[in-house]
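Participant: pasted the sequence and its predicted model underneath.
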Amino acid sequence: MLEISDNGRTWLLTGPASGYAVHLTEDDELLHLHWGPRIALADAEALAVRPLPVYRPFESQLDGREEYPVEGGPRFTRPALSVRTEERRGTEWRFEAYEAEGDHLRLRFRDGGLLVTLHYRMRRDVVERWVTLDNEGPAPLELLRADAATWTLPDREGWRLSQLHGRWAAESLLTAAPLTHGEKVIGSRRGHTGHQHLPWVALDTDATEERGEVYGCALGWSGSWRIAVAQLPDARVQITGGAGYDDSGLLRLAAGESYTTPVFAGLWSEGGFGGASRAWHAYQRAYVIPDADRDRPVLFNSWEATEFDISEEQQGVLARRAAAIGVELFVVDDGWFGKRTSDRAGLGDWTPNPDRFPKGLAPLADYVHALGMQFGIWVEPEMVNPDSDLYRAHPDWVQYQPGRKRTEFRNQLVLNLAREDVQEYLWEQLDALLSSASIDYVKWDFNRCFTDAGWPGDPYPQRLWVDHVRALYALLDRLRAAHPDVAFESCSGGGGRIDLGIMSRTDQVWTSDNTDPLDRLAIQHGFSQIHPARVMAAWVTDSPNTQLNGRVSSLRFRFVSAMAGVLGVGGDLTQWTEEELAEARDWVSLYKEIRPLVQHGDLHRLRPPTGGLCAVQYVRGNETVVLAWLQAQSYGEPVPALRLRGLDPAASYECPETGEIHRGAVLSHHGLVTGLRGDLDATVIRLRRI
């Protein structure tokens with residue numbers, strides 16, 4: 001809901017539990033008023049008449065109070081907007097008008113020929129904010145920095161900052177630390193979202209998993225980005241974020257051109273970190289993820305079984321075994337195209353290898369469909385190998401700096417997707433590929449960072465950092481429109497491209513290349529702080545885990561770990577025993593039964609993966625399911641009882657497998673211990689209200 005004061009200078013957005021208010025002063029300064037619990041418009045108007053603090057030397061009355069600080073004038077905080085023209089640098093804007101359309105608020109400001117529009121929209125309790133910049137003047141201007149939003153937190157003592165950090169194979173690790181004076185900056189300068197940080201932060205003072213105020217912000221951008229959390233000299237806190245890592249230049253806008261920032265979304269919750277997570281999940285399922293109401297199928301991916309040594313016959317053998325254990329989607333990974341017999345060749349040539357697939361992919365796709373499964377493939381369209389027909393024909397299509405060596409991480413180069421000819425080539429190749437066979441699913445990979453981000457001959461080459469991502473979005477949008485029944489997965493060497501921007505165009509994401517089931521508990525715990533299980537792909541692979549750490553784990557532990565998200569299988573099924581295949585079939589069958597709860601239910605993190613017992617719970621309607629893992633057991637200590645969440649404490653719940661009756665919201669010690677015995681063990685417990 002959007003309410004506006006009678007004088008048209010105070011605006012209040014209200015969700016089911018929260019409110020957000022801003023006010024325009026008579027001097028056209030846009031001030032932040034409130035972000036937190038619901039308030040009335042009269043309360044916002046009362047906040048608007050409060051005087052600014054008394055001026056102190058060397059300080060600004062606006063710092064920490066402005067809604068969207070620009071560069072220039074009486075302010076010293078990090079600017080959200082920095083603009084340069086031939087004559088000057090900075091912004092001195094005047095308010096022009098506001099527009100209200102449903103729950104969408106637009107506030108328009110002008111500085112000469114530059115029109116700045118601040119956008120607001122409340123969806124559930126998530127505030128979406130973004131900015132549009134239009135150059136309506138006769139001369140070009142340069143956007144050095146154009147952030148999507150600045151968030152202002154209320155006055156509190158003892159703020160704590162939570163973030164998700166990591167690296168390849170160790171993504172989305174949760175960490176929290178007290179916020180101190182100065183700035184904490186996270187981001188990516190790699191051209192993609194990155195394994196090192198997810199674009200999300202949360203701040204609290206004393207919140208627990210289920211109680212207390214939590215403020216969270218998440219950026220929807222799949223390229224280089226930056227979020228800065230600043231505790232100012234007066235202890236006020238502001239969070240600023242957007243595309244681009246530094247202020248060296250984002251885009252040049254010619255006369256008549258415009259730029260729209262990504263969305264920077266914010267959420268207030270008084271339900272602790274768990275309540276904030278459930279609100280983020282509900283928001284993404286309702287407004288971000290395509291077709292989120294559909295169940296994601298159980299998949300098999302051929303990579304760890306075959307790597308590059310693949311053939312149509314061999315894939316058929318794997319497909320038969322996958323179908324026999326209940327798999328619903330069979331995916332041929334790398335190696336099906338061009339001269340791709342290793343990672344040294346073939347990227348860019350998106351036609352089936354004639355030796356491996358003499359009649360193309362259609363016969364295998366038809367065979368997989370006849371087995372009752374969907375068919376999927378792996379691609380990496382934004383990359384090219386020097387040993388490829390594409391590179392030999394168009395060596396100038398890659399990012400490179402003239403006179404410098406072209407860095408070949410993973411024996412590949414990055415295509416300059418900002419070029420229109422590259423965009424059109426990829427559209428033609430991928431459209432033809434998806435039209436050549438009955439393909440239901442595409443795993444879209446991105447396996448290296450930008451290193452030589454040059455564009456010789458372009459008048460403003462640094463625009464490729466932004467235009468690459470905009471072109472990626474446009475290409476995905478075009479493919480989805482032309483092939484509406486094809487699902488897409490975002491992958492970037494694991495979790496290197498996970499954010500609200502890519503999620504609005506893909507059906508799921510590859511969480512990490514690390515499929516070790518114990519390591520995955522911490523990765524999935526961090527991932528769940530912001531993103532729902534509905535998009536979190538997780539595989540059961542072989543043991544020992546020869547890909548990463550050599551750890552041995554039971555098939556039971558591997559399956560229960562992967563069942564916490566979108567279940568997949570990635571092991572070599574031709575080497576599994578009949579007993580293992582039979583057990584796998586039972587686990588897949590059980591997952592299909594609990595899938596509606598896992599993929600669409602409310603998540604409660606009962607115990608974190610910090611050693612000992614770890615458990616998560618999903619609730620939907622009158623049903624709940626608990627997934628529990630005993631990571632280690634010391635000194636013969638008993639498995640603790642679990643207090644469940646989201647249930648009616650006055651009701652009784654029955655476990656259909658054992659017939660046990662559980663009163664209220666406590667899962668007894670006995671109920672757990674019957675399923676958990678010893679290190680690296682796991683169990684699944686279902687309960688239905690009776």
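Facilitator: Received, thanks.
Participant: how much space separates Asp333 from Trp350?
Facilitator: 14 Å (Cβ to Cβ, to the nearest Å). The C-beta positions use only the backbone N, C-alpha and C, and glycine is treated the same way.
Participant: now Ala564
Facilitator: As judged by Cβ to Cβ, Ala564 and Trp350 stand 34 Å apart.
Participant: settle it for me: which of these two has more neighbours?
Facilitator: Neighbours were counted for Ala564 and for Trp350 using other Cβ atoms under 10 Å; Ala564 has more, 24 against 21.
Participant: so who does that one touch?
Facilitator: Residues near Ala564 by Cβ atoms under 8 Å, 6 or more residues apart in numbering: 524, 533, 536, 538, 598, 616, 627.
Participant: switch to 7 Å and redo it
Facilitator: Ala564 sits next to 524, 533, 538, 598, 616, 627 when contact means Cβ atoms under 7 Å, 6 or more residues apart in numbering.
Participant: of the residues you listed, select the buried ones using a PyMOL command.
Facilitator: Applying 16 or more other Cβ atoms under 10 Å to the contacts of Ala564 leaves a buried subset, and the PyMOL line that selects it is:
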select buried, resi 524+533+538+598+616+627
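Participant: residues near the nearest residue to Arg94 once chain neighbours are set aside, how many?
Facilitator: In this structure, Arg94 finds its nearest non-sequential neighbour in Asp28, 5.3 Å apart by Cβ to Cβ, 6 or more residues apart in numbering. Counted by other Cβ under 10 Å, the residues lying close to Asp28 total 13.
Participant: same question, Ile498
Facilitator: Other residues within reach of Ile498 by the criterion other Cβ under 10 Å amount to 33.
Participant: now it: how far from Phe557?
Facilitator: 25 Å.
Participant: gap between Gly72 and Ser248?
Facilitator: Here the distance between Gly72 and Ser248 works out to 18 Å (Cβ to Cβ).
Participant: and Thr515, by the same measure?
Facilitator: When distance is defined by Cβ to Cβ, Thr515 is 39 Å away from Ser248.
Participant: do the same with Leu47
Facilitator: Distance, Leu47 to Ser248, using Cβ to Cβ: 38 Å.
Participant: higher neighbour count, those two?
Facilitator: Leu47 (17 against 10).
Participant: you'd agree that one is in a helix?
Facilitator: Yes: Leu47 forms part of a helix when assessed by DSSP: H, G, I helix; E, B strand; the rest coil.
Participant: got the contact list for the residue nearest to it when sequence neighbours are not counted?
Facilitator: Closest residue in space to Leu47, ignoring its immediate chain neighbours: Leu33 at 4.5 Å, by Cβ to Cβ, 6+ apart. The contact partners of Leu33, by Cβ under 7 Å, 6+ apart, come to 21-23, 44, 47-48.
Participant: please enumerate the helices of the stretch 1-150 of the chain.
Facilitator: Listed in chain order, the helices of the stretch 1-150 of the chain (DSSP state H, counting those that start in this stretch) span 41-48.
Participant: quick one, strands of it?
Facilitator: With DSSP state E, counting those that start in this stretch as the definition, the stretch 1-150 of the chain shows strands at residue ranges 2-4, 10-14, 18-24, 30-37, 81-84, 94-101, 104-111, 114-123, 126-135, 141-146, 149-152.
Participant: which two among the contacts of Leu33 are spaced furthest apart?
Facilitator: Val22 and Leu47 (10.2 Å; Cβ to Cβ).
Participant: so how far is Arg296 from the closest residue to Arg145 other than its chain neighbours?
Facilitator: Among residues not flanking Arg145 along the chain, Ser82 sits closest, at 4.1 Å (Cβ to Cβ, 6+ apart). Computed with Cβ to Cβ, the distance linking Ser82 and Arg296 is 42 Å.
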